[in-house]
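Chemist: make a model of this:
(2 chains)
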Amino acid sequence: MSETRTVAAAAESPTGRRPRRQPIVVHVVLIIGAIAMTFPFIWQVLSSLKNFAGATAVPPQWVPDPWVFTNFGKVLTSMPFLDMAINSLVITVVTTAGHVVLCTMAGYAFARMHFVGRGALFILVLSVLMVPGQLFLLPQYEIIQAIGWLDSVPGIILPGLFSAFGTFLMRQFFMSLPAELEEAARLDGANQFQIFFKVMLPLAKSGVIALTVFSVLGAWNAMLWPLIVTSTQERMPLSVGLSQMLGLNFTDYPTLMAGSLMATIPMIVVFLFLQKQFIAGIAFSGSKG
Amino acid sequence: MSLPPGSSTFLWPTLFLGPLILGLVIFFIWPIFRTLYLSFTETGAFGGSTWVGLANYGELFSDPELPQALLNTAIYTVFSLVGIPLALVIAALLNTPGLKGRSVYRVLYFLPVVTMPAAIALVWKMIYNGDYGILNQLLGMVGVQGTSWLNNPGTVLLSVAIVGIWSSLGSNIVIFMAALQGVPPSLYEAAEMDGAGPVRRFLSVTVPMISPSVFFITVLSVIGALQVFDLVYVMIGPDSAALPHAKTIVFLFYETGFLKHNQGAAAAIAFVLLVIILALTIIQFSLQKKWVHYE
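Modeler: Next up is the predicted model:
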């Protein structure tokens, strides 16, 4: 390929400037795009460092004047931010752990075990996959109400432990693994659980990571279900708590921006550390679709 | 465990699948039938429900609320599809051979994907503000007269759709980049030999070769856009003049079922949404033969 390019480029411009000009145009477009993508974050940071008058000044104030650093403290006193953050954390960790374990085991069973009724059960999973989430909400609310878990963190978590999407994703992944290792382990006398745990699970690492990424993002950012289940601020996760802060008396935008930043930063930090896994997880789901 | 390994027994599938199937049946399968039942009932003033047949569906379509919500959702969905070609172009640019800083760009474009929708909606609400919003200030610099974007019935859906595009662009770019890496370089060489320029190569080689990914993203984008709720809920306050022009199907569902406690009507709305999603997905799958190329 490079040979063809060089020949073509040389034919077009003997000085060799043409192949260099193209990436510059590309960079200009990409930089403009990157500014547009990151501007709301920059604006959020700037707004969180202004006072109320500065945040609502006409024309808008670019640089905070004066710089205010107390908004981050104000978040903790003007709303039960710490309670909400702990709720978000518990919801995310428990949902992800439960959901990844259940979906991985179920996906493995669908991909690698032969049993009566497998086809029918898999159609059941697919049917859940195709129905929009709103269809489940009213009865889920009734169930949570019946067991007395309304307005509680367990009530938010429970339905999220079971997922058709995760099961389907893991089934697809286990289907793509070679059967030889499994057969060798079987000849060595390993039982299904040993094969799953010692042979297949290590091979499925990238699939498990992809599922974990989806699960963490979904649980931390979810809004509709926690909004329905909770009514007390102290029991809400951040996603719902922040939205409820709008319009109470007046909207204290700088504090709200400080709170939004504090709710977003954990996910961004996790993302920056695990960006390869995040991006591979999303790409993985695309290629399996 | 003395069971012979590998034999088709009952125990292992039950252990591996049992908990998940039980959860799915209780929280997802049973609710489908329960919602269907609820859609034929009406909640009484003191609880309890009575069978009303198709009355909920009849009322929904004679009341202007649902048709308006359907129209709003359709407009939003059409706007949001602009994100697909945008993501494809950016992905192609990011795949330029020898491009420096690719991973930095990718991280910057991907950042909104991991950000909480509530936090996204709050900052964009500020940006869009008609009085002190920075968007109108920026538009003023290039001589464009702004508006109160989220309160103006004519701009509210476009404004929310732009935020939707912004927040999902990164994941679409990543999926397209993965697909683009699978296109054999020999095809580009052949096209180049035939004298095709970059634009021609993009349209005649790239787009057909990655059409399965375009199809996949289109189907998912349509399904996602039909279910938009978070952004509308946070950005459009109950006092907004534009609320009737921004109420989407899921917003109406939430309002009907959980604010007005009219479960029967809400269940009927959920079924209308199911039928629309199924119909659009089936249409897309039947149209794919015309434009999606599988190897």
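Chemist: wait, what's in contact with the residue nearest to residue A:51 when sequence neighbours are not counted?
Modeler: Using Cβ to Cβ, 6 or more residues apart in numbering or on different chains and skipping residues adjacent in sequence, the residue nearest residue A:51 is residue A:68, 5.0 Å away. Bear in mind the C-beta positions are built from the backbone N, C-alpha and C, glycine included. By Cβ atoms under 8 Å, 6 or more residues apart in numbering or on different chains, residue A:68 lies in contact with A:49, A:50, A:51, A:54, A:254.
Chemist: how close does residue A:68 get to residue A:254?
Modeler: 7 Å (Cβ to Cβ, to the nearest Å).
Chemist: on that earlier part again, possible to save the contacts of residue A:68 as JSON lines with distance to residue B:218, secondary structure and pLDDT?
Modeler: Compiled in JSON lines, the contacts of residue A:68 are given as follows (distance: Cβ to Cβ, whole Å; DSSP: H, G, I helix; E, B strand; the rest coil; pLDDT from 0 to 100):
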{"residue": "A:49", "distance to residue B:218": "41", "secondary structure": "coil", "pLDDT": "97"}
{"residue": "A:50", "distance to residue B:218": "41", "secondary structure": "coil", "pLDDT": "96"}
{"residue": "A:51", "distance to residue B:218": "46", "secondary structure": "coil", "pLDDT": "93"}
{"residue": "A:54", "distance to residue B:218": "43", "secondary structure": "helix", "pLDDT": "92"}
{"residue": "A:254", "distance to residue B:218": "40", "secondary structure": "helix", "pLDDT": "93"}
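Chemist: most surrounded residue in those?
Modeler: Neighbour counts for the contacts of residue A:68 peak at residue A:254, which has 25 neighbours (criterion: other Cβ atoms under 10 Å in any protein chain shown).
Chemist: if I pick that residue, what's in contact with it?
Modeler: Contacts here follow Cβ under 8 Å, 6+ apart; on that basis residue A:254 touches A:47, A:48, A:49, A:50, A:51, A:52, A:54, A:55, A:68, A:71.
Chemist: for the residue sitting nearest the centre point of chain B, which non-adjacent residue is closest in space?
Modeler: Nearest to the geometric centre of chain B sits residue B:224, at 1.9 Å (Cα atoms, centre = their mean). What sits nearest to residue B:224 in space, not counting adjacent residues and going by Cβ to Cβ, 6+ apart, is residue B:168, at 7.3 Å.
Chemist: secondary structure class for that neighbour?
Modeler: Secondary structure state of residue B:168, per DSSP: H, G, I helix; E, B strand; the rest coil, is helix.
Chemist: also residue A:57?
Modeler: For residue A:57, the assignment made with three-state DSSP gives coil.
Chemist: could you tell me how many residues sit around it?
Modeler: Neighbour tally, residue A:57, other Cβ under 10 Å: 14.
Chemist: next one: phi and psi at the closest residue to it other than its chain neighbours?
Modeler: Nearest residue to residue A:57 in three dimensions, chain neighbours excluded: residue B:132, at 6.1 Å (Cβ to Cβ, 6+ apart). The phi/psi pair for residue B:132 (degrees, to the nearest 10) reads phi -110, psi 10.
Chemist: just to revisit the earlier point, closest one to chain B out of the contacts of residue A:254, please.
Modeler: residue A:47 (6.3 Å; Cβ to the nearest Cβ).
Chemist: which residues of the stretch 101-250 of chain B fall in helices?
Modeler: B:102-114, B:117-128, B:134-141, B:156-180, B:185-193, B:198-201, B:207-209, B:211-226, B:230-235, B:249-254 (DSSP state H, counting those that start in this stretch).
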